[in-house]
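S.K.: Give the three-dimensional model of this entry:
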Amino acid sequence: MITSYIGDLILTVEHVGSTSVEGLSAKPIIDLDVVIDNYDVLPSIIERLEKAGYEHEGNLGIEGREAFERTCDNDLMKHHLYVCPKDGKGYLEHVAFRDYLRENETARKEYETLKLKLAETYRHDVDSYCEKKTEFIRTILNKTIYRD
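M.R.: Residues are numbered from 1 along each chain as shown. Predicted coordinates:
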C-alpha cells in the first residue's frame, strides 16, 4: 500500500473518481488522491514513490495535483495516483464532485448515462471522452465549490 512508503509525509488518502460512488458505472480503475499539507514534502514523496515503482508525471495540466504512473507490473489493481495539497484545486474538485454524486441520485444517473453514451461514441478516443464530460462536471462544481 502507498502509505507504507509515504504515510509519515501525508495527511490521508482519498478514494475519488467513479469507482468511489456506489452504484455508478465505472471502468475498473481506481483514482486515489494522496493529500499533503503543502508542497514542501513533494520532493521526498517523489523520491520514495520512484523507489516503489512510480514515475512522477507532473500536474498533466491540472493545477493542484501531481500525477504518478506505475512503472512496473504487479498484482495491484489498475489505478491513477495523484498527490495533492489539502487546499489544491485538483483535490477540492475531486472530493466535491464525488460527494455530490454520492448524495444526489438524479445527478449520479445523469452522469452515468452521459458516461455510457460517451464511452460508446469515443470508444477509441479517451481524450474526447474526457473532454465531453467537462461541461457536466463544471455544472456540478458550480453548484458546490464555485457557488456565487
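S.K.: so what pLDDT did the nearest residue to N38 once chain neighbours are set aside get?
M.R.: Using C-beta to C-beta, 6 or more residues apart in numbering and skipping residues adjacent in sequence, the residue nearest N38 is P85, 5.5 Å away. C-beta coordinates here come from the backbone N, C-alpha and C atoms, glycine included. P85 carries a pLDDT value of 97.
S.K.: OK, contacts around P85?
M.R.: With contact taken as C-beta atoms under 8 Å, 6 or more residues apart in numbering, P85 is in contact with 35-39, 64, 91.
S.K.: Where is pLDDT lowest across the residues you listed?
M.R.: G64 (89).
S.K.: Doesn't that one belong to a helix?
M.R.: No - per DSSP: H, G, I helix; E, B strand; the rest coil, G64 lies outside any helix segment and is coil.
S.K.: ok, back up a step: from the contacts of P85, which would you call buried?
M.R.: Taking 16 or more other C-beta atoms under 10 Å as the criterion, what is buried in these is 35-36, 64, 91.
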